[in-house]
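**Student:** Mind folding the following:
(one chain, ligands or ions: 2)
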Amino acid sequence: MNVDEALEILEEIVETGRLNKVQRIVFRQAWEGKSYLEIASAFDYDYNYIKETGAELWQVLSTVLGQKVTKFNFQIVLKHYANRVSQLASQSTVNRSQLELGEMPQSFNANHFVEQETRWVGREALVNTLTQKIQDDCRVLMLVGITGIGKSSLAVRLSLESKIAQTWSKVKWFRFNADRYAFDEFACQLLGQMPSTFEFDQNPQKLVSDLVTYLQAHPCLLVLDMVEELLSASDRGELRYKDNLFAKFFDRLLEVEIMPSRLILTSQDRPPVIAEGRCKERSHLEQLKGLNIAEALELFKVWQVNPSRNEGVEYLRRIIQAYEGHPLALGTIAGEIREPPYSGDIQAYWHDYGQEIVEIEQDKIASSLDSNAEPVTLAYYSIDLTDLVKCRIERTFTRLQISSPLAYILLCMGATYRCSVERTAWLILIADAPKEAQITAFQALQRRFLLESDRSVERVLYRLHSLIRSIALQHLSNLESEAAR
Ligand SMILES: Nc1ncnc2c1ncn2[C@@H]1O[C@H](COP(=O)(O)OP(=O)(O)OP(=O)(O)O)[C@@H](O)[C@H]1O
Ligand SMILES: [Mg+2]
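**Tutor:** Residues are numbered from 1 along each chain as shown. Ligands and ions are numbered 1, 2, ... in the order given. Have a look, this model is predicted:
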């Protein structure tokens, strides 16, 4: 694709006539790899003006395409867009809504239910207890815990539990994000799937009761993933729903006499208390902790990290304890142990990085002494663990940048996808590299457990875990700043 073709596509996307002269200049020059400073001096414009024009342009593209578009990735995004247009055009008539990059349907019925590919390990007692609660009278189950601890995976696991699947064969899955937190959008999407005979009013207040009535009439398991995105803190630090209709919806759901549907909600933050008083037994909050040592050792086996000697098992135990059984952090470590130069040799890995674990162990001892022998609360540990996990993931990025630079670029650029996309959509992000190198980079991410895969009936889609994505976005913006200089 050349710059004229790209400009043509851009005009079509943002509607002809909306681009002004300066926007066109910025687009053309950015396409040629010019920095904002170079554009400003070549065309005699103020540097800040050019930079703002560029930022606006990428923002318009981001909004229209539903994906973060930046100076760094806009070429790739447009190439991908053009590709999808021609693919769809050859299949059927082109529909704009199908072209939104990185978009996945926000809900799935049982047939399309996205099953995470990772093999589930442990938490058996918890799965049994929670299954029982859902079968009893628990209408709203809240799974709460720090990022990467396994809330969404547990929600998937519960939905697949045979006793639950038999009663609630229809599973509807909603994953919220920073731009998708309005109740009416959520409600309309859900109601949009109902039989056309059902009439509803789009008045937001009435939507609440319509939705509850719908859930009464159509028993299903509704999973609301990443509910923390629905919350914001007040001046006094109390969490509340950005859209108060969600609070009304949850209250109403718990109040009504009969409710055959069930709701599982995952959140990093504890959602505001719902349903005081008589409905208390109809909701349950489960604060999720990490896996225990036996479970985490089992998970390392699943990840094909098998210690050949007792010494190796002991190192793994210490790693597990340091990260409090946090599956996402442990996964990235397993990914590194599996890869060359260690190729599964835990002792060799410990030789190089064991000191990091020793330091965490020492910090933990020191902080428990500091706390004046007060019992260390879960919240205390969790805050600590959150930082620890972020640092761990940061280190994975740094090491990847050195060992597989192209995989690192792919990881950063992949963060522009908000949802799962096909492998080809990932490869196109590094389309300038030779095909073989693209495949190797993609595989490097897979082998290091940096890609989450969602399997639907027809295909496998890939995405980044939200924590890895947020760190990747920071790295991407650093890369962009370097490129803009
Ligand atoms: N019991 C488990 N067995 C196997 N893998 C697990 C288990 N629990 C979590 N994982 C893996 O750990 C990673 C993080 O889990 P998950 O995405 O469910 O975390 P989360 O708590 O939903 O995080 P976030 O709040 O950021 O959405 C995933 O790759 C998941 O597959
Ligand atoms: Mg999650």
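**Student:** remind me which residues of the stretch 301-450 of the chain are low pLDDT?
**Tutor:** 368-383 (pLDDT under 70).
**Student:** run the last query once more with 50
**Tutor:** 373-383 (pLDDT under 50).
**Student:** Not counting residues beside it along the chain, what's closest to the residue in it that ligand 1 sits nearest to?
**Tutor:** Proximity of the stretch 301-450 of the chain to ligand 1 (CB to the nearest ligand atom) peaks at residue 327, 3.5 Å away. For every residue, glycine as well, the C-beta is placed using N, CA and C. Nearest residue to residue 327, sequence neighbours excluded (CB to CB, 6 or more residues apart in numbering): residue 150, at 5.2 Å.
**Student:** Which residues are in contact with residue 316?
**Tutor:** Contact analysis of residue 316 by CB atoms under 8 Å, 6 or more residues apart in numbering lists 296-297, 300, 305, 307, 346.
**Student:** could you redo those residues as JSON lines and give each row secondary structure, distance to residue 177 and neighbour count?
**Tutor:** Compiled in JSON lines, the contacts of residue 316 are given as follows (DSSP: H, G, I helix; E, B strand; the rest coil; distance: CB to CB, whole Å; neighbours: other CB atoms under 10 Å):
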{"residue": "296", "secondary structure": "helix", "distance to residue 177": "29", "neighbour count": "24"}
{"residue": "297", "secondary structure": "helix", "distance to residue 177": "34", "neighbour count": "19"}
{"residue": "300", "secondary structure": "helix", "distance to residue 177": "31", "neighbour count": "23"}
{"residue": "305", "secondary structure": "coil", "distance to residue 177": "32", "neighbour count": "23"}
{"residue": "307", "secondary structure": "coil", "distance to residue 177": "39", "neighbour count": "20"}
{"residue": "346", "secondary structure": "helix", "distance to residue 177": "37", "neighbour count": "25"}
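**Student:** In CSV: those residues, plus distance to residue 385.
**Tutor:** Formatted as CSV, the contacts of residue 316 follow (distance: CB to CB, whole Å):
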residue, distance to residue 385
296, 14
297, 19
300, 19
305, 21
307, 24
346, 22
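**Student:** ok, which of these also contact ligand 1?
**Tutor:** For ligand 1, no contacts are drawn from the contacts of residue 316 by CB under 6 Å from any ligand atom.
**Student:** and of these, the nearest to residue 433?
**Tutor:** Closest approach between the contacts of residue 316 and residue 433, by CB to CB: residue 305, at 29.3 Å.
**Student:** List the contacts of that closest one.
**Tutor:** Shown in contact with residue 305 (CB under 8 Å, 6+ apart): 316, 334, 337-338, 344, 346.
**Student:** Recalculate using a threshold of 6 Å.
**Tutor:** 334, 337 (CB atoms under 6 Å, 6 or more residues apart in numbering).
**Student:** Give me the phi and psi angles of residue 239.
**Tutor:** phi -80, psi 140 (degrees, to the nearest 10).
**Student:** So what's the residue count around it?
**Tutor:** Neighbour count for residue 239, taken as other CB atoms under 10 Å: 16.
**Student:** Show the backbone phi and psi for the spatially closest residue to it that is not a sequence neighbour.
**Tutor:** Residue nearest to residue 239 in three dimensions, not counting chain neighbours: residue 231, with 4.7 Å by CB to CB, 6+ apart. Residue 231 has phi and psi values of phi -110, psi 150 when expressed as degrees, to the nearest 10.
**Student:** any idea how far residue 231 is from ligand 1?
**Tutor:** 13 Å (CB to the nearest ligand atom, to the nearest Å).
**Student:** So that residue is in contact with residue 238, correct?
**Tutor:** No: Residue 231 is beyond contact range of residue 238, at 10.0 Å (criterion: CB atoms under 6 Å).
**Student:** of the two, who's got more company?
**Tutor:** residue 231 (20 against 10).
**Student:** Just list whatever residues bridge to the more buried one.
**Tutor:** Note on residue 231: beta-bridge partners by DSSP bridges are residue 241.
**Student:** Tell me the pLDDT of the residue nearest to residue 239.
**Tutor:** With respect to pLDDT, residue 231 scores 89.
**Student:** go on, the one 4 residues further on?
**Tutor:** In this model, residue 235 is scored at 81, pLDDT.
**Student:** Tell me how many other residues crowd it.
**Tutor:** Neighbour tally, residue 235, other CB under 10 Å: 5.
**Student:** Equivalent analysis for residue 160, please.
**Tutor:** 15.
**Student:** And residue 240, by the same measure?
**Tutor:** Counted with other CB under 10 Å, residue 240 comes out at 15.
**Student:** and the gap between it and ligand 1?
**Tutor:** 19 Å.
**Student:** So out of everything in the protein, what residue is nearest ligand 1?
**Tutor:** For the chain, CB to the nearest ligand atom, closest residue to ligand 1: residue 150, 2.9 Å.
**Student:** Now for residue 10, which secondary structure element holds it?
**Tutor:** Element membership for residue 10 (DSSP states H and E) is helix 3-13.
**Student:** who touches that helix?
**Tutor:** 28, 31, 64, 78, 82.
**Student:** tell me which element the last one falls in.
**Tutor:** When elements are defined using DSSP H and E, residue 82 is found to belong to helix 74-91.
**Student:** what mean pLDDT would you report for that helix?
**Tutor:** 67.
**Student:** any idea which of the contacts of helix 3-13 has the most stuff around it?
**Tutor:** In those, the most neighbours by other CB under 10 Å go to residue 78, 22 neighbours.
**Student:** Could I get the full set of helices for the stretch 101-250 of the chain?
**Tutor:** 124-135, 151-160, 162-167, 183-191, 204-217, 245-255 (DSSP state H, counting those that start in this stretch).
**Student:** Dump those to CSV, plus distance to residue 53.
**Tutor:** Formatted as CSV, the helices of the stretch 101-250 of the chain follow (distance: least, CB to CB, whole Å):
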stretch, distance to residue 53
helix 124-135, 52
helix 151-160, 39
helix 162-167, 53
helix 183-191, 31
helix 204-217, 37
helix 245-255, 38
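**Student:** Can you tell me which of these has the worst average pLDDT?
**Tutor:** helix 183-191 (a mean of 81).
**Student:** That helix - contacts with which helices or strands?
**Tutor:** helix 204-217 (3 or more CB pairs under 6 Å, 6 or more residues apart in numbering; DSSP states H and E).
**Student:** One more pass at 7 Å, please.
**Tutor:** Under the contact criterion of 3 or more CB pairs under 7 Å, 6 or more residues apart in numbering; DSSP states H and E, helix 183-191 touches helix 204-217, helix 245-255.
**Student:** Return the alpha-carbon coordinates of it using PDB.
**Tutor:** Coordinates of each C-alpha in helix 183-191 appear next as PDB, following Å, rounded to 0.1, in the frame of the first residue of the first chain:
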ATOM      1  CA  PHE A 183     -25.400   0.500  31.400                       C
ATOM      2  CA  ASP A 184     -27.700   1.200  28.400                       C
ATOM      3  CA  GLU A 185     -25.100  -0.200  26.000                       C
ATOM      4  CA  PHE A 186     -24.700  -3.300  28.000                       C
ATOM      5  CA  ALA A 187     -28.500  -3.800  28.500                       C
ATOM      6  CA  CYS A 188     -29.300  -3.200  24.800                       C
ATOM      7  CA  GLN A 189     -26.700  -5.700  23.800                       C
ATOM      8  CA  LEU A 190     -28.200  -8.300  26.000                       C
ATOM      9  CA  LEU A 191     -31.800  -7.500  25.200                       C
END
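**Student:** Tell me how many other residues crowd the closest residue to residue 161 other than its chain neighbours.
**Tutor:** Among residues not flanking residue 161 along the chain, residue 131 sits closest, at 5.1 Å (CB to CB, 6+ apart). Using other CB under 10 Å as the criterion, residue 131 is surrounded by 17 other residues.
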